Structures are given as C-alpha cells and as structure tokens.
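J.: Need coordinates for the following:
(one chain, ligands or ions: 2)
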Amino acid sequence: MRTLLSANGIGKTFGRQVVLDGLTFSIPEKARIGLIGRNGAGKTTLLRIMAGTEEADTGTARLMPNARLGVLDQHELLPTDGTVMGYLENATGRPEWECAKMAANFGLRADALRMVPATLSGGFQMRAKIVRMLLADPNLLLLDEPVNYLDLSTLLLFERFLRTYQGSYVVTSHDRELLMNLCTTTWEIARGALTTFPGDVETFSAWKEEQEEYVARTNKRLRRRWRRRRRSPTVSARKRASRPGQRASSSTSRSSGRNSATFRATCRSPRSASPARRSRPEPRSARTTSR
Ligand SMILES: Nc1ncnc2c1ncn2[C@@H]1O[C@H](COP(=O)(O)OP(=O)(O)OP(=O)(O)O)[C@@H](O)[C@H]1O
Ligand SMILES: [Mg+2]
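T.: Ligands and ions are numbered 1, 2, ... in the order given. This is a model prediction of the structure:
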C-alpha cells in the first residue's frame, strides 16, 4: 500500500500549551481513519497542518506526489451570479456531463444546477461544495466534524458515498455512530501524543479501558508491596543497619526510594498482553510520542 502523506516530528504550541508534541505518522492508501480526542486536544490543528493551512512549529507533513488532497471548506462563499453547473465547471474544469453525474449522487438535479449558487439552501450549498471537492478526484479527504455543518440528509448521502469511496480519509467527529459506520482505524490525540490503533473506535475504547484497569491493578499491587516493605525492612537492610558507623534509616530510605521508582506502572506493552487480549487488534504504535 503506497503512502499518501508522511509526517515527521510534528510539533505545535499555542502560548504555553503544547498541543502536538513531535508526532510521527503516515497515511497509506485506502485508510479509513477516525481521529478522536477531547475538546481542545488538537484534532483540528493536526488536520490543518496536514492540509497545509496551518504551519507546524517543528517537523514536516509531506504530501506524496501521488496524493490528491480534498478538504471541505465550510466557510467558502458560493458565487452570487451564474449557475451551480457553471460554478462546478469553472472550479473543477470537468465537462458538464461529469459534473451532472457527480451532482446527481448528492441529489442536485437539473433544476438545482440551473440556480444561482448563493441562493441554494444551506444544505444544498454544502452538497455543491462536496461535489466540487469530489470532482477534483481527491484520494485523501480531511474531514473536520462533518456532522456539525452538514444537515442530516446531506450527511447520510455523504456517509453512503464514503462507504464505497476508494480513497483514504481522516474524519474527526464526536459522533461515535458515524465513526463506527465509517472508520476501521482509530487515532487518538491526548496530551500532545498520538495513539494509532488498527481497529474501530469501540474496540479502541475497550482496549484502552483494559489498559487503564491493568495500570490501576498494577499500581495497587506495587503500592501494597511497597507498604509491606516499609513496615518490615529487608534482611540485608537489617544487616546494613547493624554495621557499625551506618545508620539504618539511610539504607531503608534507599530501599524505599528504589521501590518508589517502580511505583507507577505504565501501559502494559502490547507484546506482554494475555492471549485473550492478544486476539484483539493492538496499536501499531501505542505512543508515537510521549511527553
Ligand atoms: N490560533 C490559535 N491560537 C491560540 N490557541 C489556539 C489556536 N488554535 C487552537 N488553539 C488551542 O489549541 C488547542 C487545540 O485546538 P483544536 O481546535 O485543534 O482542538 P480540537 O481537538 O479540534 O477541539 P474540538 O474537539 O473542540 O474541535 C485548544 O486548546 C485551542 O484553544
Ligand atoms: Mg476541532
């Protein structure tokens, strides 16, 4: 599978907030990626950097020569004169029959194509923009929260189109159902780092929950062990304590210091997962970066 976009060490900071912390990743052909993360995690920033409309502070996002980018510009103002067909032909250089065929996929028929673009309803204007984007024959779509600006019927048409789309896309959405319907790979941005997971968003959530439970259990176990050791110093600690000129407290504090260093468990590496766990897809690069 050829690569369409390759990013290396992408970093972005706003003021004192590190939004993206040295992300390295690539997007292959036929990738169906759902990009998730909390509000303000950096999804839009990452998409903008990929689209070239925002500059990264560090690193590069390189579009390969075989890639044709498609970005839906929700803020584009449509012409206040001419026809929708004229707009599509002028913007894409495609023949009328091709424009009409693509437009029909989105319910824009002859009467709509004869109208002045700016006089279309909001939903139909978005359809005209989608048709325009798709007529440029993109093979990598970057879609930021399409649910927010497409009316339901346009969204359903677009969703149906994407299910059979042969190119790649990255879509952000807080709508789990949309992501479940469209995406087979999940990317999550959290605290500046990117986790890439080769499965849908629900499988990813289940995997993440298991990881968190494992970390909590391990931390609890380590904490218990640490407390036990603190209560009864080890034999060697007692021996050291009994040597002349050496204080017991110093060796005990060294011992507890060593234990506290291993006190916090981090995510279990996918390789050490149990067989049951291993049957699930595992993240290819659990943390492309970490802070
Ligand atoms: N131009 C800017 N100037 C200052 N801060 C910014 C700018 N753009 C984004 N940010 C901040 O960077 C962080 C990431 O923003 P971004 O829009 O990428 O998040 P997001 O994951 O898309 O959020 P949402 O889910 O709300 O769409 C936020 O804290 C935001 O306030
Ligand atoms: Mg956003």
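
J.: List the buried residues of the strand or helix carrying Asn90.
T.: Under the criterion of DSSP states H and E, Asn90 resides in helix 84-92. Under the neighbour-count criterion of 16 or more other C-beta atoms under 10 Å, helix 84-92 has 84-89, 91-92 buried. (C-beta placed from N, C-alpha, C; glycine too.)

J.: so after that helix, what's the next helix or strand?
T.: Next element after helix 84-92 (DSSP H and E): helix 96-105.

J.: For the following helix or strand past that next one, buried residues please.
T.: For helix 96-105, the succeeding helix or strand toward the C-terminus, using DSSP H and E, is helix 110-113. For helix 110-113, the buried set under the neighbour-count rule, 16+ other C-beta under 10 Å, comprises 112-113.

J.: Also stretch 40-50?
T.: By neighbour count with 16+ other C-beta under 10 Å, stretch 40-50 contains the buried residues 41-50.

J.: Narrow the residues you listed to those in helices?
T.: If you go by DSSP state H, the buried residues of stretch 40-50 have 43-50 in helices.

J.: How about the contacts made by the nearest residue to Thr92 once chain neighbours are set aside?
T.: Counting by C-beta to C-beta, 6 or more residues apart in numbering, Thr92 lies nearest to Leu135, which is 4.0 Å off, once chain neighbours are set aside. Counting by C-beta atoms under 8 Å, 6 or more residues apart in numbering, Leu135 touches 88, 91-92, 94, 98-99, 102.

J.: do the same with Val84
T.: 103, 108, 112-117, 120, 128.

J.: Next SSE downstream of the helix or strand hosting Thr60?
T.: Using DSSP H and E, Thr60 maps to strand 58-63. Using DSSP H and E, the helix or strand that follows strand 58-63 towards the C-terminus is strand 69-71.

J.: Quick check: neighbours of that next one in the sheet, parallel or antiparallel?
T.: Using DSSP bridges, strand 69-71 pairs in its sheet with strand 140-144 (parallel).

J.: Please compute how far the strand it pairs with lies from its chain's middle.
T.: For strand 140-144, the separation from the chain centroid amounts to 12 Å (computed by C-alpha atoms, centre = their mean, to the nearest Å).

J.: That strand close to ligand 1?
T.: No - where contact is defined by C-beta under 6 Å from any ligand atom, no part of strand 140-144 touches ligand 1; the two come within 7.3 Å at best.

J.: contacting residues around the helix or strand following that strand?
T.: Heading C-terminal from strand 140-144, the first helix or strand you meet, by DSSP H and E, is helix 146-149. For helix 146-149, contacts defined as C-beta under 8 Å, 6+ apart pick out 72, 74, 126, 155, 158, 171, 173-175, 178.

J.: From ligand 1, how far off is Ala91?
T.: In this view, Ala91 and ligand 1 are 27 Å apart by C-beta to the nearest ligand atom, to the nearest Å.

J.: Which residues are in contact with the nearest residue to that residue once chain neighbours are set aside?
T.: Nearest non-adjacent residue to Ala91, counting by C-beta to C-beta, 6+ apart: Arg132, 5.1 Å away. Under the criterion of C-beta under 8 Å, 6+ apart, the neighbours of Arg132 are 87-88, 91-92.

J.: about what we covered before: closest to ligand 2 out of the contacts of Val84?
T.: Ala128 (23.7 Å; C-beta to the ion).

J.: Roughly how far does the residue nearest to the closest one when sequence neighbours are not counted sit from Arg94?
T.: Setting aside the residues directly before and after it, Ala128 is nearest to Val84 in space (C-beta to C-beta, 6+ apart), at 5.5 Å. Remark: distance between Val84 and Arg94 (C-beta to C-beta, to the nearest Å) = 13 Å.

J.: Could you do Ala31 as well?
T.: 26 Å.

J.: and what of Leu72?
T.: Noted for Leu72: a distance of 18 Å to Arg94, by C-beta to C-beta.

J.: again, but for Ser153
T.: 25 Å.

J.: Between these two, which is the more surrounded one?
T.: Set side by side, Ser153 and Arg94 show more neighbours around Arg94, with 19 against 12, by other C-beta atoms under 10 Å.

J.: if I look at the more buried one, how far off is Asn66?
T.: 20 Å.

J.: likewise Leu150?
T.: Going from Leu150 to Asn66 by C-beta to C-beta gives 28 Å.

J.: neighbour-wise, which of the two wins?
T.: Neighbours per residue (other C-beta under 10 Å) separate Leu150 from Asn66, with Leu150 holding more: 23 against 11.

J.: which residues sit in contact with that one?
T.: By C-beta under 8 Å, 6+ apart, the neighbours of Leu150 are 123, 126, 158.
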